[in-house]
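> Sequence first, predicted coordinates after that:
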Amino acid sequence: MNIEFLRIKNFRNYTSAAVKPSPGKNVFVGMNGQGKSNLLEAIYCLSNTRSFRTARSAEMIEWEKDSFYIGGEVVSRKSRFDIKMFYSAKKKVSPSMITP
Ligand SMILES: Nc1ncnc2c1ncn2[C@@H]1O[C@H](COP(=O)(O)OP(=O)(O)O)[C@@H](O)[C@H]1O
Ligand SMILES: [Mg+2]
């Protein structure tokens, strides 16, 4: 699976981020606590619908926020997929809460 574009909102310490990885291998460099593992967690979560760090999905929501969004344009076995994941800590979700 290749990620061509990744968009995250209110995920851990990312209020809003867009990542366009280069083809092939990519290296994320940053200071301790800057968000490298959080980015990998978002990618893992988009592929596996769960975190590799916590069983409580609400922990991944940015503090003080109600929900997170992860969107990825991925290519797998020559097919292109537009995957969107939205998680809310609120029981009732109105469509307007879901950010594209
Ligand atoms: N739910 C959250 N909301 C906001 N910030 C968070 C949340 N969970 C973790 N963080 C922050 O994310 C940072 C750790 O990011 P991490 O990706 O683990 O760092 P590293 O780059 O060292 O891998 C810490 O500063 C922590 O405070
Ligand atoms: Mg780390």
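Yep, it's here. Ligands and ions are numbered 1, 2, ... in the order given.

> roughly how far apart are the residue lying farthest from the centre of the chain and Asn2?
What lies farthest from the middle of the chain is Lys78; by C-alpha atoms, centre = their mean that is 22.3 Å. In this view, Lys78 and Asn2 are 10 Å apart by C-beta to C-beta, to the nearest Å. From N, CA and C alone the C-beta is placed, and that goes for glycine too.

> ok so, going back, now the residue farthest from the centre of the chain: phi and psi?
Per-residue torsions, Lys78: phi 70, psi 0 (degrees, to the nearest 10).

> The one 4 residues further on now?
Backbone geometry at Asp82, expressed as degrees, to the nearest 10, gives phi -110, psi 100.

> since we're on it, how many residues are nearby?
Neighbour count for Asp82, taken as other C-beta atoms under 10 Å: 9.

> Excluding residues flanking it in the chain, which one is nearest it?
Glu73 (5.7 Å; C-beta to C-beta, 6 or more residues apart in numbering).

> All good on my end, thank you.
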